[in-house]
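Undergrad: this is a predicted model, with the sequence first.
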Amino acid sequence: MKRKIAVIGAGLAGCEAVWLLSKNGIAVDLFEMKPNKYSPAHKLPYFSELVCSNSFKSMNKYNPSFMLKEEMEKLGSIVMESALKNKVPAGESLAVDRENFSKYITEKLLTLNNVKVIYKEVEDIPNEYDFIIIATGPLTSQSLANYLNKLFNNDFLYFYDAIAPIIDSDSIDKSKVFFASRYDKGGDDFLNIPLTKEQYYEFVNALKSAEKVTLRPFEKERYYEGCLPIEVLAERGEETLAYGPMKPVGFDENKIGFKPFAIVQLRREDKEGTAYNIVGFQTKLTIKEQERVFRMLPGLEKAIFLRYGSIHRNTFIDSPTYLLPTLNLKNMRNIFFAGQITGVEGYLESACSGIMAGFFLLCDLMSIEPQIPPRTTAIGALLSHLRTDVKPFQPSGIHLGLFDKKNMPKRIDKKLWIKKQEEEDFNNWFEWASKLVIF
Ligand SMILES: Cc1cc2nc3c(=O)[nH]c(=O)nc-3n(C[C@H](O)[C@H](O)[C@H](O)COP(=O)(O)OP(=O)(O)OC[C@H]3O[C@@H](n4cnc5c(N)ncnc54)[C@H](O)[C@@H]3O)c2cc1C
């Protein structure tokens, strides 16, 4: 019997789900509200837009984010395919030209014969479909969020995230900064601003006293720890920044000419290096104050801001309460969720959950009880977070703490063991899964 399937949201998760379903001969209606309506952070008319950093994190083979990338590649990820085709130099990380990255995915999806794209904001769950994947992201439109909130007995959760400013390269005084990567990993990919102790303290004091965007009364401040606004970090201690995003380690002091107390790093936004993102400078300072305070940094006196830092509401559901391990609702099994709205955190993690929602839906269509990847694999570890019993439930990206280490022998190199186990267990799971599904 032919089933009607819809994916709502052509972000990182939605595109992955559509890609996998289409590859397996399943027709899909893909709903996307852009370009008719944009969230406060989305700007491009393309699918799979990267709303903040252009980085897909580490390429170090022992890093959990690398393991996730490797597993996703094996599962035929369109996000990974595009990221590798559109990468820009970024030291040991995988970073992309954001526009070409999204364009590539959009073009690929638009050529699929069995995918119909419907440019429309979805305001409730459409009832003409047999299966639906909701992948509307952390900035799900208000009307759908309200509808879902009701569906979840007003138990919908939320938190806040901040994005970092992007500076026009030509407006940076290059005589006051230097090009280098920390520990020489990756050549001249980053632009660095060394600060003396006096300059650092002057900057931190200005940050602390600067005017911030005020939240609306009902908006409780709950930040994601890995993406804290710079001014919140500054409030935590006078030298917190010098030990965090502004740490002065990994550079040749002879090249700088003095021993810096702190270093601000700017990462290329595109291959040509026409724009730079200030690393770790996500902020909720007002626009006027961002200009004043960030222009205090040597070399940025005349900085032109291509994009200001900002703060946005993020929406996610209480997955441990409402979702099955197969990413569908416990009480409406034909409704799946994917992406950051499930409480995974990050570009890769969101995309990965899109692949898995597509996979679980395919299993459902074949009436096969799916095996969940074990927690020794990166995907399994990530999905296990959505079943955590830690309350209140908060989003998380992949990290080593999520991996199952109960069979790890004592006095063994932890990283080596996790990597070896991950490879073995993923390959076993993949052997089983790839007999069912075309990746
Ligand atoms: C401000 C901000 C900055 C972030 N920065 C980073 C970062 O630097 N690095 C990182 O790894 N992660 C970051 N994240 C987290 C996360 O990785 C991204 O939000 C990621 O894009 C989530 O992927 P997704 O597929 O779940 O949602 P999205 O990529 O946001 O896709 C959702 C899609 O659904 C569409 N949509 C929404 N509502 C509707 C509707 N009702 N009907 C139809 N279409 C709809 C949207 O237009 C969008 O295209 C950030 C998140 C936010 C909010």
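TA: Thanks, I have it.
Undergrad: now Q290: which helix or strand?
TA: helix 287-294 (DSSP states H and E).
Undergrad: is the ligand within reach of the helix or strand just after that helix?
TA: Stepping forward along the backbone from helix 287-294, the first helix or strand reached (DSSP H and E) is strand 305-307. No - for a cut-off given as CB under 6 Å from any ligand atom, strand 305-307 has no contacts with the ligand; the smallest distance is 11.0 Å. Heads up, the C-betas are built off the backbone N, CA and C, glycines and all.
Undergrad: following strand 305-307, which helix or strand comes up?
TA: Helices and strands here follow DSSP H and E; after strand 305-307, the next one along the chain is strand 310-316.
Undergrad: flag every buried residue along the following helix or strand past that following strand.
TA: Along the chain past strand 310-316, the next helix or strand (assigned with DSSP H and E) turns out to be helix 319-322. Buried residues in helix 319-322, counting neighbours by 16 or more other CB atoms under 10 Å, are found at S319, Y322.
Undergrad: is the ligand contacted by helix 319-322?
TA: No - using CB under 6 Å from any ligand atom, no contact is recorded between helix 319-322 and the ligand, whose separation bottoms out at 12.8 Å.
Undergrad: quick one: distance of the helix or strand following that helix to the chain centre.
TA: Next in sequence after helix 319-322, counting helices and strands by DSSP H and E, comes strand 335-337. Computed by CA atoms, centre = their mean, to the nearest Å, the chain-centroid distance of strand 335-337 equals 20 Å.
Undergrad: what's the answer for stretch 73-86, then?
TA: The offset between the C-alpha centroid of stretch 73-86 and the centroid of the whole chain comes to 15 Å, using CA atoms, centre = their mean.
Undergrad: could you do stretch 173-190 as well?
TA: On the basis of CA atoms, centre = their mean, stretch 173-190 sits 25 Å off its chain's mean C-alpha point.
Undergrad: same question for that stretch, mean pLDDT?
TA: Confidence over stretch 173-190 (mean pLDDT, whole number) is 87.
Undergrad: what about that stretch, start to end distance?
TA: Terminal residues of stretch 173-190 are spaced 15 Å apart (CA to CA, to the nearest Å).
Undergrad: so which bits of it are buried?
TA: Of the residues in stretch 173-190, those with enough neighbours to count as buried (16+ other CB under 10 Å) are V177, F178, A180, S181, R182, G186, D189, F190.
Undergrad: how many neighbouring residues does the residue lying closest to D130 once chain neighbours are set aside have?
TA: Excluding the flanking residues, the one nearest D130 by CB to CB, 6 or more residues apart in numbering is R3, at 4.2 Å. By other CB atoms under 10 Å, 13 other residues sit near R3.
Undergrad: what about the nearest residue to A433 once chain neighbours are set aside, how many neighbours?
TA: The spatially closest residue to A433, leaving aside those adjacent along the chain, is F359, at 6.9 Å (CB to CB, 6+ apart). For F359, the count of nearby residues is 25 (other CB under 10 Å).
Undergrad: how about F359, phi and psi?
TA: Main-chain dihedrals, F359, degrees, to the nearest 10: phi -60, psi -50.
Undergrad: quick one: is the helix or strand hosting I167 near the ligand?
TA: Under the criterion of DSSP H and E, I167 resides in strand 166-168. No - among the residues of strand 166-168, none lie within reach of the ligand under CB under 6 Å from any ligand atom; the closest is 11.7 Å away.
Undergrad: and the nearest residue to I335 once chain neighbours are set aside, how many residues sit next to it?
TA: Spatial nearest neighbour of I335, excluding adjacent residues (CB to CB, 6+ apart): L329 at 4.8 Å. Counted with other CB under 10 Å, the burial measure for L329 works out to 17 neighbours.
Undergrad: hang on, the earlier thing: give me the distance between the residue nearest to D130 and the ligand.
TA: Shown here: R3 relative to the ligand, a distance of 21 Å by CB to the nearest ligand atom, to the nearest Å.
Undergrad: now do the contacts for that residue.
TA: Shown in contact with R3 (CB atoms under 8 Å, 6 or more residues apart in numbering): I26, D130, F131, L365.
Undergrad: now those residues as TSV including pLDDT and neighbour count?
TA: Converted to TSV, the contacts of R3 look like this (pLDDT from 0 to 100; neighbours: other CB atoms under 10 Å):
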residue	pLDDT	neighbour count
I26	97	19
D130	97	13
F131	98	20
L365	97	16
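Undergrad: closest point of the stretch 101-250 of the chain to the ligand, which residue?
TA: When distances are taken as CB to the nearest ligand atom, the stretch 101-250 of the chain reaches nearest to the ligand at G137, 2.4 Å away.
Undergrad: could you do the chain as well?
TA: Counting by CB to the nearest ligand atom, the chain gets nearest to the ligand through G11 (1.7 Å).
Undergrad: dihedrals phi and psi, that residue?
TA: phi -90, psi -160.
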